[in-house]
Each structure stands twice: as C-alpha cells, then as structure tokens.
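Enquirer: Fold the following and give me the result.
(one chain, ligands or ions: 2)
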Amino acid sequence: MDIASRPSEPAENAQLAPELGNTAPPPVAATVIRREDYQPPAWLVPEVALDFRLGLDASHIVARLSVVRNPAGSGESTLRLNGDQIAPLAVRVDGREVNDWRLDGSDLVVELTGDAHAVEVETAVNPAANSQLMGLYASGGMLCTQCEAEGFRRITFFPDRPDVLSTYTVRMSGEKAQFPILLANGNCTASGEADDGTHWAEWHDPWPKPSYLFALVAGNLTANSARFETMGGRQVALNIWVRPGDEDRTQHAMNSLINSMKWDEETFGREYDLDLFNIVAVSDYNMGAMENKGLNIFNTRYVLADPDTATDGDYDAVEGVIGHEYFHNWSGNRVTCRDWFQLSLKEGFTVLRDQLFSADMGSEAVKRIEDVRILRVGQFPEDSGPLAHPIRPDSYEEISNFYTATVYNKGAEVIRMMRTMAGVERFRKGTDLYFDRHDGEAATCEDFVRAIEDGAGLDLAQFRLWYSQAGTPQVCAEVAHSGTQVVLKLTQTVPATPGQPDKQAMPIPLRVALFDRATGTHSGERLIVLDQDSQTFTFDGFAAPPVLSINRGFSAPVAIDFAREKADLVFLAAHDDDPFARYEAMQGLVLQHLVAGVSGRLDDAARAEGQAAIGEALGAIIADPAIDDLMRGELMILPAESYIAEQLPVSDPGLIHAEREALKAWLGRALAEPLKALHDRACAVPYSREAAARGARKIKTQALVLIAAGDPAEGAARAFAQYRAADTMTDRQGALMVLCNLDAPERETALADFHDRYRDNALVLDKWFSLQAGALNPKVLEHIAALAQHPDFTMTNPNRVRALYMAAAVNPRAFHDESGAGYRMIGDLIRRLDPINAQTAARFVPSLGRWRRVEPVRAAMMRAELERIAALPGLSRDVREQVSKSLG
Ligand code: BES
Ligand code: ZN
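Expert: Residues are numbered from 1 along each chain as shown. Ligands and ions are numbered 1, 2, ... in the order given. You can find the predicted model right below:
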C-alpha cells in the first residue's frame, strides 16, 4: 500500500489542522546559538522512566526524571526542560502535583529547592498529524520516533542537549492487533497482556545516553533474524524489522550488518555492547537512517534490496549506511558530542569509518573516486557559497541545517588527513586512546584532536585550523627543472567565506610522485606537507623534466591549480599507478577543454585538438585490458556540470550544459565502434553480484550514454533492447535513464511498462519519478509539472518529494531553464512544503542560494525567488535561516 492513499495522512494543501505537530511553527525572532556561549547543564538527569500509552492519533506520555544538581554547573535552582509544540498536562515534583511551573517560550521552567528531585511530566501528542516526522510520528500504520537533533522535546519536556546522559527505562502499551511488535532501546525486560486487547512491554538500556538517541517503534513488523558472536564471546541477536512482505529483501542488509560488526572489531578494535541489535525500516523518513542505541531506524531505501528492485548502487548504499549507523555505536553513542557544534566529531569520523569499510568490502580505488566526486559536487559549492561554514561551525539558528556535506564529508576528509600523516597504525593508536579516554562522555572535536596527537604522536597545533576555517584551499603548483634538480613551488590561498575575511595558512598533506616520461615510472611517492603560504620542495636525480602527479589519492580536500600540457594529462591518464590520479588526469583533461569552451577560448582548431586528446585518452581507457570494468566505468564519467561551474567565478549554466553535451556527442560519434563493441561485450556477461559482473553492468550504461549522445536513434534502439532484456534493476534503470533523455517513442513505452511493473513498490516508483525529473530532455519541465499532479505523487513522503524535486533541482536542464520556470518550481515547492516538513523544505534552498555564481539574468531570477520566499509570513526557522543567509 502506498502512503499517498492512506487516509490518516494530512491532506497535501493542509488546511492546517489545529492538532499539535501539524501546525507551522509560530514566527520567532531569529535566535543565534553560539559555540562560545556553551555552559554546562545546571541539572543532570541520571535516570529517566518513560511510560507511553500508544495510539496513532493520540499517544500519552508520562516522563519521570531523576534530576540532580550538576556540581560542574552554574548552581541555579531553575530546572529548564525544553519542549516544542507540546503542553504539560501535569507536573509533579517528588510525587506532588505542582502549579508554580511556567512556560518560557516553549520551555517548561520549574523552580527546585534541593539538590535532587523526582520530576514527573505528562504530555500528549498526535503522531498521525505529525507531518514534520520529528518526535513521535505515524508511518504506514506504525509508530516510530526520530529524535536527533531536537525531536525528543516534541515528545516530552527534557533538557534536550547531548551532554545530558541518562539511563532509560521505557514502558509502552497499546492495541495488540495494531501494534503487535513493541521496541525501544536496549533489552526487553518484561512484557504482558491485558484483557482489553492491549499489551505492554518494558525496555531497559543500561548505557547512559543523550535524549537524541532515544527510540521507540510499535507496529506490525516481521524480522529477518540472525546471530553474531563478538570477539569477546558475546552472543548478539540481530533483527531487521520490516513490513510483512518485505522480509525477502533484507538479506543484503543483514550481511552488511554482520560484515560491519566484524570489520569494526578488526579495524578499530570496537566490540558491540548489548545482547540485541534491532534495525527497523520505515517508509516516511526525513533522512537516511539513525543510530539510536540498539534500535537503529532506517529509511526503507537503505534496507530493502533485491536484484529486481535495487541497482548495484543501491546495494552499495545499503552496505554503507548500515555500516555508518552501526559504527556510530562507538563514534557517537559510547562517545557522544558535548554540543551540536561538535557534530563532525561523530559524523565526520563515522563517515570516514564507513568509507574505509566500503573500500575494504569492494574496490578501494573506485570507492575513493566516488567519495571525491561526492565532495566536489556537494561540498565544494557549499564551501564557496553563502552557506559556507567550518566543519565545526561557530553559530547556528537551526541545527538541522548543519547536517551538511561540510560537516560530514569534509569532516571525514579532515580526519583522513590525520590518518595519512600518522600512518594507519599510529592513527589506530590515536583512535584507541580517544575511545578509551572519552568512553561514556560527551566530547568535543578538540578532545578528538588531542587524543590523536597524544596517541599517534603528531603535532596538530596548526592542523586545528581545519576545524575553524571554512573554504576550500586553492593550491597553485609550479615545477622548474634545471640540471638534475626539480623544484616544486606550492602556494596556498584559503578563500574568504562569510564571517571569515582573512585566513591563515593550513597544513596540507600532499602525496606526490614524479614520473619519468621515457619509462612511465617513478622512483617512489613522497608525502609533503605544505604549511606556509608559499613553499618550495626540491627533488634530485632527474636528468629530464618529469611529469608531476600531485594530491594522489586526493590526500587533501583542496583544489589544485596547475597549468598542464594536454600531453602530460594523457600520459598520466595512461600511466599513473595511483588509480585515483589516473582518474584525476582524465577529469583534468576534460575539465580543461570544457572550461575553455565555456569561457569562449576555443577556436575551431583548439576545439578539434582538445576533442582529439580526450578521444585518444578515452579510447585507450575503453581498450585497456589492465583496467577492471568498475574502474573503467568511473573513468568514462565526464565531470559534472556543477563541478565545471565550480571552476569559474561566474558561469552560464546553459553554456556549460551545451559544451558538455557537445563533447558527449562528439565522443559518441568518434568512438562509436569501440563503444558499441564495449556495450555488446558487457551485455553478454551473465548476472552475478561479483565485481566483474557489476563492472559489466556499469560500463553497459556508460557506453549507452555516449552512444545515445552520438547517435540518438542507435542509442534508443540499444537502450530499449537493454530495457527489454534486463534481469536486474541496474540494467533496467540505466536503459530507462538513457531513454528519458531522448525524444523517442521508446521512452513512453518503457516508462509505461516500468510503472505497470512496479506500481506497488514505493522505492521503485521513486526511481520512476526521479528518472523523468532528472532527464536531459527538452520537455523536462512539462514532464515534472505533470508528475507533480500524478496520483502517485505526495508532498507528505520525503522520499517521493526528493525523487521528483531533488532530481529536478540538480538537473541543469530543468532548474536553470532560461525562462526561470525551474527556479519558480523550486520556490513554489519550498513554500508549499515548509508548513508540512520544514527540514526537507530547507534542503532545497541552497540550489537557489548559488545565484551569485550564475550569469546576471538567471541570477536576478534566482534571487527574486529567494525574496518571494523571504516575504512569506510564518516561515519555519529552518527555511528562514537558509533563505536569509542566501540573500545576505
Ligand atoms: N545521525 C544521522 C541521522 C540524522 C541526521 C538524524 C540528521 C537527524 C538529523 C545518521 O547517522 C546519518 O548521518 N545518516 C545519514 C546517512 C549516512 C550514511 C551519512 C543520512 O541520514 O543521510
Ligand atoms: Zn551519522
């Protein structure tokens, strides 16, 4: 059953129901929270007992807090409990009902006289009306919670901050028929039935945790169960809970979980610490997944996978996200964050851990290329725009807006640099010390850096700048050769970012190698650290000028500015023994050509020369038997339009698109025969989950993309044949993607077939929406408008909203249409979505926020759209912060 048809969902154009949780937050004056204002909590809450009487449209909660004065706190007698869209039904202190509490904004304030008290608060919420999907909400007839970062306060009043750690005991009761399964953190300690059709369960989590890690789930669920024995001999029961009927698609998630548990023992020495580990999949979810202690909650898209419905990319995403949330059990839960400014402490580190895990499970080289691509497409633009912030921000208005590519992906790169400088073994000594020293604590990024310093024996004094300075450093390289000496001169600039006009030089670890042109080899890689504005490095023993390979493996998250000969890039694309550097050379070759084209610097001769060099390099890559197909597939992907735009201070998205498409078409024609041969060879490889077969599927679609660009009729015919012959979603989706770009009759036929075949599968229908919205089709805006009216579209399911509109927002053909209709479409979406789901709405603002980097005509329309949003009364804090920073 699709959630769009569920009557309990609030209507889309929500005639805002007065129920709690469904109303737009009242307008509040902008309050800025600053890192420097941190104060330890005045009161601690060592123990919490929660009692839930569960119902879909009315749940009643009694929270009993044992509160004690914090010896390290301010000593004030006022107990401040955060709330959000809730009202206290009763307040008791030490067993007696009190009336002298007050509400300060949405916080509950109680005056206490002693040093320790029992405080009890009753609240009620309407989960079915909770369209924000924060706090306790209903999804597909079940109840679940999402508390990070500040959702717990939508359930009950509490000091909802990560440095208040409590042990939780949770009791819940509800209709047995409606909620046969009752889950919470930790272990189930008791359960029973009443004779009124209800049943109850009691759960206890022995590990103290902040409120953001609390979770509860109640509903009709079936489990895929397995066991895992930890390195210390603990027997852990594993369950992956899904809606009945979905259990056949959970085995990959289970395998990924078991692999994660084993890997964290072997790689970081981390062992699981409870007898039970539950994962629940829910279909209405704002994010990807959440690491609640012992009860991870997942978006269904990161749990369910089988060959017919999930692509190879989906399989990888499931593995990565399962790993990520599992790894948080140590990096996040056992050691948590002192405050939300420290978010990268858990997220940056855990992203690095999941990246290393996925690299070990598959191809290290391909994983590195994918991660760098994500950084360049998602983080570099953030770092050079109005929303730029350091990986440890200094201030925020709404913390949900800071779950960013900077905190996550640049955060991971920063820790990866420490690992590169220390070496794997010494880095491990550092992380061991960190976990040891801070187990059970709420720590800071500074604590982490100090532990790595002490454990790994590094001096990270200057390196700390990576935590405080925003902006992607630009490194300019110059090579001079004389006699047998090579002098490499490096200069760094860290660009100004909002609130940070002047920057200091940062330590930038660069893996470099110098290749001998004649032999195609080098005599060893060196790690150099550029830690001044400008510095020279000398290398000896070179009779002839060598070819420089720099930032190998992407050892630092910087942009390298190095004027290279095309011939050198072709050389490195063919000879570099670092696979990332090889990819980088290929990307550089294409980038140089496209940037020159967009800047009007290509005359006919230069264009022909550039095309020929790229054609030669790509032809060699297609033909090279030494490259495996997964890697070949990566090498065949041209730089994204957003990354091309990133190379220029201001650019015309129309020109970028036209140049890139023109190159694709030229390559498709010039390499038509080898591409067709490659496609034929890949089509003959039978299905398996092994790397070779996955590689074949990857190049199959990449070949098709170029073939279709060069010869649309041939492309349509081959894509349609691939669609019809498909025995996996990878092949089917790849073929459909290519067809969606074309104005061919096969497009309609395949789309209708796809919808027919998967009409009951929400995750696959999401693909149907996003393939059409992401298509480089001249009529794409019309298609999107029609899809928004489709009966399967709904504004209340974040996966569906993202499927249609995120795909549209990142599709230059749609978003940057010269009419401005794409900007209007995203502006309208933000305005309509904000009252329903502010967090999701705010995620669409940054695309409009890049207006300063776009040519003036479009920039004016983008800005006007932001102004229209800003003028609306009653905007959420989430959207308001992003819009005002984008305009400011
Ligand atoms: N802790 C987050 C989930 C989260 C983020 C909850 C923001 C509430 C607000 C979780 O560990 C996470 O980072 N999930 C990612 C996926 C991960 C693989 C990077 C997500 O949900 O996108
Ligand atoms: Zn995370």
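Enquirer: Check the secondary structure at the closest residue to T230 other than its chain neighbours for me.
Expert: Spatial nearest neighbour of T230, excluding adjacent residues (C-beta to C-beta, 6 or more residues apart in numbering): E271 at 4.9 Å. All C-beta atoms are positioned from the backbone trio N, CA, C, and that covers glycine. Classification of E271 by DSSP: H, G, I helix; E, B strand; the rest coil places it in coil.
Enquirer: How much space separates E271 from E265?
Expert: According to C-beta to C-beta, to the nearest Å, E271 and E265 sit 6 Å apart.
Enquirer: swap in T404?
Expert: From T404 to E265 the distance is 31 Å (C-beta to C-beta).
Enquirer: Who has more neighbours out of those two?
Expert: Neighbours per residue (other C-beta atoms under 10 Å) separate T404 from E265, with T404 holding more: 24 against 15.
Enquirer: quick one on the thing from earlier: which residues touch the residue nearest to T230?
Expert: T230, M231, G232, R234, D264, E265 (C-beta atoms under 8 Å, 6 or more residues apart in numbering).
Enquirer: Please report phi then psi for it.
Expert: Main-chain dihedrals, E271, degrees, to the nearest 10: phi -110, psi 150.
Enquirer: In the stretch 651-800 of the chain, which residue sits closest to ligand 2?
Expert: P798 (17.2 Å; C-beta to the ion).
Enquirer: does the nearest residue to that residue once chain neighbours are set aside count as helix, strand or coil?
Expert: Of all residues not flanking P798 in the chain, T840 sits nearest, at 4.9 Å (C-beta to C-beta, 6+ apart). Using three-state DSSP, the secondary structure recorded for T840 is helix.
Enquirer: Please enumerate the strands of the stretch 351-500 of the chain.
Expert: For the stretch 351-500 of the chain, strands defined by DSSP state E, counting those that start in this stretch occupy the ranges 395-396, 442-443, 474-482, 485-493.
Enquirer: Identify, out of these, the most deeply packed stretch.
Expert: Stretch with highest mean neighbour count among these: strand 442-443 (a mean of 22; mean count of other C-beta atoms under 10 Å).
Enquirer: Note down every partner strand of that one and its orientation.
Expert: Within its sheet, strand 442-443 is paired with strand 336-337 (parallel), according to DSSP bridges.
Enquirer: Kindly list the main-chain dihedrals of D624?
Expert: Torsion angles, degrees, to the nearest 10, at D624: phi -70, psi 110.
Enquirer: where do the strands sit along the stretch 101-250 of the chain?
Expert: Counting by DSSP E, counting those that start in this stretch, the strands of the stretch 101-250 of the chain are 102-104, 107-111, 116-125, 135-139, 142-146, 166-175, 181-184, 187-193, 198-209, 216-219, 222-229, 235-242.
Enquirer: Does the closest residue to ligand 2 within the stretch 501-650 of the chain belong to a helix, a strand or coil?
Expert: The nearest approach of the stretch 501-650 of the chain to ligand 2 comes at P557, 18.8 Å away (C-beta to the ion). What three-state DSSP gives for P557 is coil.
Enquirer: Mind pulling up the pLDDT for it?
Expert: P557 is assigned a predicted lDDT (pLDDT) of 99.
Enquirer: Without its sequence neighbours, what residue ends up closest to it?
Expert: E413 is the one closest to P557 (C-beta to C-beta, 6+ apart), at 4.0 Å.
Enquirer: Would you mind listing the residues in contact with that neighbour?
Expert: By C-beta under 8 Å, 6+ apart, E413 lies in contact with L375, A556, P557.
Enquirer: got the residues of this structure near ligand 2?
Expert: Contact residues, the chain versus ligand 2 (C-beta under 5 Å from the ion): E347, T350.
Enquirer: what are the ranges of the helices in the stretch 251-400 of the chain?
Expert: Assigned by DSSP state H, counting those that start in this stretch, the helices in the stretch 251-400 of the chain fall at 251-268, 312-327, 343-361, 364-374, 380-383.
Enquirer: And the longest one, what's buried?
Expert: When you say that, I think you mean helix 343-361. Neighbour counts over helix 343-361 (16 or more other C-beta atoms under 10 Å) mark 343-359, 361 as buried.
Enquirer: Kindly report the same for the fourth one.
Expert: By neighbour count, and taking 16+ other C-beta under 10 Å as the criterion, the buried residues in helix 364-374 are E364, A365, V366, K367, R368, I369, E370, D371, V372, R373.
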